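Q: coordinates only, sequence not included:
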């Protein structure tokens, strides 16, 4: 595994031997952290770090020194974060930005429009065809993923030899094993307490049925009733009812699946993880929403995948 530091023009400077690294991209974080011993040559802000031939890399934004450990920590945006930090604007005089042609030509036009074509380039191959209108002022990471989803593809970013290539691949569904749980009786009666004091306090009773549907009619009684109190002391009746329905609906979890570790698997954000447990009858199928790759000082890699409420990991030794 070759870990490379490149300057602000993506010219390779040196190979790195970090203490640890972590790259995250997907739903709610698109950044990285590289920890280096203090005696190693310092990396500059706006330089780049990447694991050659992989999706793991990005621009150094921040440099920090920890006096206790005497180590340097470098953080910044991954390739995905650089896209997320750009907005796809409509062309002058137009309401929307639209693309039509091959997928890679569409990617190239977006990279040019957002000013990242000096850092990234679209793949040379023609790829699938697409005709798409971007949402107004969407970030480029979300916009490209949404465009590719319409033709059954996922976004792929690879850096090799200092060249960051943006392309796509057919969306995959991976069958995985899962440990499952079945819940027979979640909370089904919510006593909602709103504005007022004592006997003048606003009180609303909400109920869920055996299928999780919420209403003001109780169907589960006696030993099947499970009750909680929801205290929202400043709420008027309408707001209390609305918030209470949302709260009780959140309790209606009847089945849960925890994906087991994956072996020798590399997935992209928006690929699908699916599992079925024949013992409990529980199945799950969710797109990968986040990828987190961690490296230790020996280069051992663990990749964690998040998919809905489920998580799975793959270790590469």
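A: Cool, got the structure. As the structure is a computational prediction, the values presented were derived from the model and not from experiment.
Q: List the buried residues in stretch 148-158.
A: Within stretch 148-158, the residues that qualify as buried by neighbour count (16 or more other CB atoms under 10 Å) are 148, 151, 153-155, 157-158. Heads up, the C-betas are built off the backbone N, CA and C, glycines and all.
Q: In strands, which of those appear?
A: 153-155, 157-158 (DSSP state E).
Q: between the residues you listed, which is closest to residue 68?
A: Within those, the smallest distance to residue 68 is 34.9 Å, found for residue 157 (CB to CB).
Q: still on that earlier bit, can you tell me which two in the buried residues of stretch 148-158 are farthest apart?
A: Largest pairwise distance in the buried residues of stretch 148-158, by CB to CB, is 19.6 Å, between 151 and 158.
Q: end-to-end on stretch 46-53?
A: Start and end residues of stretch 46-53 are separated by 21 Å (CA to CA, to the nearest Å).
Q: Please renumber the chain so that the first residue is 732 from this point on.
A: With 732 as the first residue, the last one maps to stretch 777-784.
Q: in that stretch, what counts as buried?
A: Buried, per 16+ other CB under 10 Å, within stretch 777-784: 778-783.
Q: same thing with stretch 891-899?
A: 895-899.
Q: Return the list of helices and strands in contact with the strand or helix carrying residue 1022.
A: Residue 1022 is located in strand 1021-1026, with elements delineated by DSSP states H and E. Applying 3 or more CB pairs under 8 Å, 6 or more residues apart in numbering; DSSP states H and E, one finds that strand 1021-1026 contacts strand 751-757, strand 1032-1038.
Q: Just give me the closest of the buried residues of stretch 777-784 to residue 806.
A: For the buried residues of stretch 777-784, the nearest to residue 806 is residue 780 (10.2 Å; CB to CB).
Q: can I assume that closest one sits in a helix?
A: No - counting by DSSP: H, G, I helix; E, B strand; the rest coil, residue 780 is not part of a helix but strand.
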